[in-house]
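> with the sequence up front, the predicted model follows.
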Amino acid sequence: METITEIKVEQEAIDELEHVNNSVYVTYLEKARGDWYRDAGISFNEMRKRLVSTVVLKLEILYIQEAKLGEILKVKTSPIRLGNKSFVFQQDIYNQSGKKIVEALVTNVMIDRSVRKSIPVIKEIARFFRASE
């Protein structure tokens, strides 16, 4: 399952070079993963109720081109690899012209919030990775 999240670049995202600050892209990627989880049927709120969560283990970002104030960006989130307790998303950000401006690989680990230890990936998430392989 792939999701597309639209994000409008707001003033607070802009740095002194008048483009989106590199750290803001991490926030954009997080928002898009939240949309992916919701579409998979397990929102952040539902995970919290079940005392499970995901944490980012590794984040690799390639910045290809800048984005500027007012642009409408599209973040494509795709499941690409499933382990026992971890999983990887490919996330790409496109500008309003459809040009890819950011590539990211995000490795997540499933955790039990009550003991703060890793656990097997829950079925609501795992089923979409299996379907994508």
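Yes, it's here. Just so it is clear, the structure is predicted and the values come from calculations on it, not from any experiment.

> any idea which element the residue sitting nearest the centre point of the chain lies in?
When Cα atoms, centre = their mean is applied to the chain, the residue found nearest the centroid is R33 (3.2 Å). In this assignment (DSSP states H and E), R33 forms part of helix 22-40.

> quick check: closest non-adjacent residue to T54.
N108 (4.4 Å; Cβ to Cβ, 6 or more residues apart in numbering). Any C-beta I mention is one placed from the backbone N, CA and C, and that applies to glycine too.

> and that neighbour, how far is that from Q91?
According to Cβ to Cβ, to the nearest Å, N108 stands 11 Å off from Q91.

> shared neighbours of these two, which are they?
R33 (Cβ atoms under 8 Å, 6 or more residues apart in numbering).

> more neighbours: those two, which one.
Q91 (25 against 21; other Cβ atoms under 10 Å).

> where's that one, which helix or strand?
For Q91, the element it lies in under DSSP H and E is strand 86-94.

> check which element follows that strand along the chain.
Where DSSP H and E defines the elements, the next helix or strand beyond strand 86-94 is strand 100-112.

> sheet-wise, list the partners of that following strand with their directions.
strand 52-63 (antiparallel), strand 86-94 (antiparallel), strand 117-118 (antiparallel) (DSSP bridges).

> hmm, back to that, pretty sure the residue nearest to T54 contacts F89?
Yes - using Cβ atoms under 8 Å, N108 makes contact with F89 at a distance of 7.2 Å.

> overlap in contacts of the two?
R33.

> tell me how far D15 lies from S23.
D15 is 9 Å from S23, by Cβ to Cβ.

> in PDB, list the C-alpha atoms belonging to the helix or strand where I7 lies.
Per DSSP H and E: I7 is located in strand 3-8. C-alpha atoms of strand 3-8 as PDB (Å, rounded to 0.1, in the frame of the first residue of the first chain):
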ATOM      1  CA  THR A   3       0.100   6.700   0.300                       C
ATOM      2  CA  ILE A   4       0.400  10.200  -1.000                       C
ATOM      3  CA  THR A   5       0.400  13.100   1.500                       C
ATOM      4  CA  GLU A   6       0.100  16.700   0.300                       C
ATOM      5  CA  ILE A   7       1.900  19.400   2.300                       C
ATOM      6  CA  LYS A   8       1.900  23.100   1.700                       C
END
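
> that'll do, ta.
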